[in-house]
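Undergrad: Predicted coordinates and the sequence they were generated for:
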Amino acid sequence: MADPQHVDTAFVEQTSEEPRMPGHESALDRKPQWQPRYPGSGRLAGKVAIVTGGDSGIGRATAVLFAREGAKVAIAYLEEHDDARITRDACEAEGAEVLLSAGDLGDPDHCRGLVDAVIEKWGRLDVLVNNAGEQHPDEDVTEITAEQLQRTFQTNIFSMFYLVQAARPHLQSGAAIVNCTSVTMYKGAPILLDYSATKGAITAFTRSFSENLVADGIRVNAVSPGMTLSDMGRGALERRTPESKQRFLNSIPLGRAAEPEEIAPAVVFLVSADASYITGQNFVVNGGDRTESYQ
């Protein structure tokens, strides 16, 4: 399969202070663990899936596990071609057909082009995983610029609207959507004001959209990961002081952050026939954390 030759960054440059967020996982010294932990059982055989943010972290772990379960996978990402190729190779090693799509999901035209490419290649779309996201920590609300606020909402929630609008005509009864939200929606995060707000919006969107589609036999659910050692999550953890980091980890009953490979099985479950009676729900995967804040 040919590698992407370029990314149209014009739309990104108009609205983003940091268009390269969240970064390249391949540059991390300690790589997140994304490899599937169990043999596949064909739970997604014959299905066609789009996974956004599929180049790294939870998205990569999900894409590869989908491949192991028999799905054909379209991996959508911004511009991290090196990371995306690793995901593609891992999916193909599982015997899956793969489509790479680079570009800004905050652009509705790109979302339409992504769905069109999937339909042209495979003729159907069964599963949509809205996982792509970004965050920009700020200690003071006055530090959040209009450009950053727009960018965070554009990537984290507007892109979901754009993508489901493009996908909706192709989704038939039995299709499933999973949106990646966050425990920050419940707990808050004092230095992630705009990010947490988008995650609340995603949860409300999930619940409302599930009601909108239920009569057509299409299920919509969300996954709320706790602290996960993806490139973005690891960066957030490492920004803490050693004392704050240890307090935070001690507050989690399991005593540690999650690896991406521990989140992906929840996504597989929710899009599979095993979850045929589950819709409009938010599946929390956070190590048993019950604390009220990240402080």
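TA: It's in. Everything quoted here is computed from the prediction, not taken from an experiment.
Undergrad: got a list of what the residue nearest to residue 96 when sequence neighbours are not counted touches?
TA: Among residues not flanking residue 96 along the chain, residue 67 sits closest, at 3.5 Å (CB to CB, 6 or more residues apart in numbering). All C-beta spots, glycine's among them, are computed from the backbone N, C-alpha and C. By CB atoms under 8 Å, 6 or more residues apart in numbering, the contact list for residue 67 reads 73, 90, 91, 92, 94, 95, 96, 98.
Undergrad: can you tell me how far residue 80 sits from residue 115?
TA: 21 Å (CB to CB, to the nearest Å).
Undergrad: can you check residue 191 too?
TA: 35 Å.
Undergrad: Which one of those two is surrounded by more residues?
TA: The neighbour count for residue 191 versus residue 115, taken as other CB atoms under 10 Å, is higher for residue 115 (24 against 18).
Undergrad: my read: that one touches residue 164, true?
TA: No. Counting by CB atoms under 8 Å, residue 115 sits too far from residue 164 to count as a contact (9.7 Å).
Undergrad: Neighbours of residue 256, how many?
TA: Neighbour tally, residue 256, other CB under 10 Å: 11.
Undergrad: can you check the one 3 residues further on too?
TA: Residue neighbour count, defined by other CB under 10 Å, stands at 20 for residue 259.
Undergrad: Need the per-residue pLDDT for it.
TA: The model reports residue 259 with a pLDDT of 92.
Undergrad: And for residue 37?
TA: 66.
Undergrad: What of residue 50?
TA: 98.
Undergrad: how much space between it and residue 176?
TA: From residue 50 to residue 176 the distance is 12 Å (CB to CB).
Undergrad: Between the two, which contacts overlap?
TA: By CB under 8 Å, 6+ apart, the residues touching both residue 50 and residue 176 are 127, 128.
Undergrad: neighbours of the spatially closest residue to residue 218 that is not a sequence neighbour, just the number please.
TA: Among residues not flanking residue 218 along the chain, residue 175 sits closest, at 4.8 Å (CB to CB, 6+ apart). When neighbours are counted by other CB under 10 Å, residue 175 registers 23.
Undergrad: Hmm, residue 175 is touching residue 126, no?
TA: Yes. Contact criterion CB under 8 Å: residue 175 and residue 126 qualify, at 5.2 Å.
Undergrad: tell me the secondary structure for residue 129?
TA: strand (DSSP: H, G, I helix; E, B strand; the rest coil).
Undergrad: Which element, helix or strand, includes the nearest residue to it once chain neighbours are set aside?
TA: Of all residues not flanking residue 129 in the chain, residue 51 sits nearest, at 4.5 Å (CB to CB, 6+ apart). Per DSSP states H and E: residue 51 is located in strand 48-52.
Undergrad: export that strand as CSV, just CAs?
TA: Extracted in CSV, the C-alpha atoms of strand 48-52 (Å, rounded to 0.1, in the frame of the first residue of the first chain):
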residue,chain,number,x,y,z
VAL,A,48,-15.3,-2.6,8.0
ALA,A,49,-14.2,-0.1,10.6
ILE,A,50,-12.8,3.5,10.8
VAL,A,51,-10.6,4.2,13.8
THR,A,52,-9.6,7.9,14.2
